[in-house]
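J.: Give me a 3D structure for the following:
(2 chains)
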2 protein chains.
Amino acid sequence: MFVHAETSTGALQPAGAICRAAHECGALVIGDCVTSLGGMPVDIDENGIDIAYSGTQKCLSAPPGLAPLTLSGAALDKLRARTSPCVSWYLDLKLIDEYWGTSHRYHHTAPITMFFALREALRLCQQETLEARFERHRLNHRAFVAGIEALGLSMHVPVANRLWTLNTPTLPEGCDDGELRKRLLDEFGIEVLGGFGPLAGKILRVGLMGASSQRQYVLLLLGALETCLQANGGTRAAEAVYQSSGGRGDRED
Amino acid sequence: MFVHAETSTGALQPAGAICRAAHECGALVIGDCVTSLGGMPVDIDENGIDIAYSGTQKCLSAPPGLAPLTLSGAALDKLRARTSPCVSWYLDLKLIDEYWGTSHRYHHTAPITMFFALREALRLCQQETLEARFERHRLNHRAFVAGIEALGLSMHVPVANRLWTLNTPTLPEGCDDGELRKRLLDEFGIEVLGGFGPLAGKILRVGLMGASSQRQYVLLLLGALETCLQANGGTRAAEAVYQSSGGRGDRED
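T.: Below is the predicted model:
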């Protein structure tokens, strides 16, 4: 079991390497793709993730309430061969398999309005194309990082492992993370999260996911940070990335 | 554990008697109020139901996707004193208690659009008033029963135990329930369910819940049954009930 896009740190985990190592031991792999699906390549089959699940409310930009789920043939075989009863009725995948499959044996009343919302969100993904969507997330991430570095801050995660969807700049020494986040919310209408556990007070967690991964939001936050941190050059550095890339960083719909 | 409004038979179970018997033995009572809440009196505290849950998609007429839940003080005490770990994360009420309560410890991302839908549905209940809403369900049930009996059919459940929200007329001898329901759907756009288990092929299950408990639907179905069963007098008998009661049987909004 691994988390593909790790939102507490901002790190992307190497799905392919994890799955290869697990499969060599004869294990199946469950991948939490909540913060990657729709914002970064997940490549479930190529990476060999046997059971992948996600949420609707992050990079897919539908309302929260559903967990898209997929199982490999090997995972389905394992599931169908299971003889011990599942302790959870809600997530008894054998029952859900029968509900989804040909027998359509009743398991739950489906939340149909959520299905319509997810369908519309997926239609928007298809219209934008996944390639353009990934590139948009990558570009806004790159522009944000350039701005953060121009402000004299650094990113918590090494460049090779950074998520495009959840960005974790390190706070300057002596900066009160609660005060900063309160100012961002009160004065600029921007809600970012702080770190927790060992990272409490040390990083910000900035989501640039789905509809929120847009040039205007990157520039708004960098401008707000310039004011709050009394620093300069953040938005200009980000703009330079947009201009050199030729991409706009906005969703085209 | 009991089901208050039993949808497989159409019977109302005696909540008060069940709870009194259980409490005499020192047991807590869980009541499934899915098909009663918003359509018939539930009287959770008066009846002594310790844990009551319902759904949004039946008599509340919101979309499916939430399960309103309430716990008595005794049930909360029992829950908070529990020492063994809960095998379900999804329905670990201790975690949900902490999420709902003052510590607001994170448990899940709330399905906010469903909350808005439920709020609007509850606002409509409040606007109609529960008393008028119950009376509407009762009147449409009475009119439907009068129509059914005028057609020469009988109700499966004795009069004292009938649900207003789920009505179960007994099919005439020799009537093919699948054929009848297919005609109702194809020719009249009315979907009713058949019985299952020992009642398969013997009854119809007719929901008159929330927004669907209206005079126009009762008359439409009775008229369709007149055609399908080659019988007469169903709609006239129902109309007589509406006229003598002075109520219209329609939702007023």
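
J.: Look at the residue of chain A most remote from its centre and give its secondary structure.
T.: Most distant from the centre of chain A: A:Thr83, at 35.1 Å, with distances by Cα atoms, centre = their mean. Three-state call for A:Thr83 (DSSP: H, G, I helix; E, B strand; the rest coil): coil.

J.: Over to A:Arg138?
T.: helix.

J.: pretty sure it is in contact with A:Leu163, am I right?
T.: No - between A:Arg138 and A:Leu163 there is no contact under Cβ atoms under 8 Å: 10.5 Å. The C-beta positions use only the backbone N, C-alpha and C, and glycine is treated the same way.

J.: Which one of these two is surrounded by more residues?
T.: Shown here are A:Arg138 and A:Leu163; by other Cβ atoms under 10 Å in any protein chain shown, A:Leu163 has more neighbours (26 against 18).

J.: pretty sure A:Ile49 is touching A:His23, no?
T.: No - counting by Cβ under 8 Å, no contact exists between A:Ile49 and A:His23, whose distance comes to 10.5 Å.

J.: Can you pull the residues that touch both of the two?
T.: A:Val29 (Cβ atoms under 8 Å, 6 or more residues apart in numbering or on different chains).

J.: of these two, who's got more company?
T.: Ranked by neighbour count (other Cβ under 10 Å), A:Ile49 and A:His23 place A:Ile49 first, with 28 against 14.

J.: wait, what's in contact with that one?
T.: So A:Ile49 contacts A:His4, A:Ala15, A:Cys19, A:Val29, A:Ile30, A:Gly31, A:Cys33, A:Val42, A:Ser72 (Cβ under 8 Å, 6+ apart).

J.: can you check A:Ala211 too?
T.: A:Ala211 makes contact with A:Ser61, A:Arg251 under the criterion Cβ under 8 Å, 6+ apart.

J.: before we move on, what SS does it have?
T.: helix.

J.: quick one: it and B:Gly247, what's the gap?
T.: Noted for A:Ala211: a distance of 48 Å to B:Gly247, by Cβ to Cβ, to the nearest Å.

J.: Quickly note the distance from A:Arg142 to A:Ala240.
T.: 11 Å.

J.: Compare those two (neighbour count), which wins?
T.: Under the criterion of other Cβ under 10 Å, the comparison of A:Arg142 against A:Ala240 puts A:Arg142 first, with 20 against 15.

J.: residues in contact with that one?
T.: So A:Arg142 contacts A:Val241, A:Ser245 (Cβ under 8 Å, 6+ apart).

J.: is it true that it lies in a strand?
T.: No - counting by three-state DSSP, A:Arg142 falls outside a strand, being helix.

J.: Give me the pLDDT for it.
T.: A:Arg142 is assigned 98 on the pLDDT scale.

J.: so A:Leu180 sits right up against A:Leu171, yeah?
T.: Yes - A:Leu180 lies in contact with A:Leu171 (Cβ under 8 Å); the separation is 7.3 Å.

J.: helices and strands of chain A: which one bottoms out on pLDDT?
T.: Lowest by mean pLDDT, DSSP states H and E among the helices and strands of chain A is helix A:93-100, with a mean of 92.

J.: Give the buried residues for it.
T.: A:Leu93, A:Leu95, A:Ile96, A:Asp97, A:Glu98 (16 or more other Cβ atoms under 10 Å in any protein chain shown).
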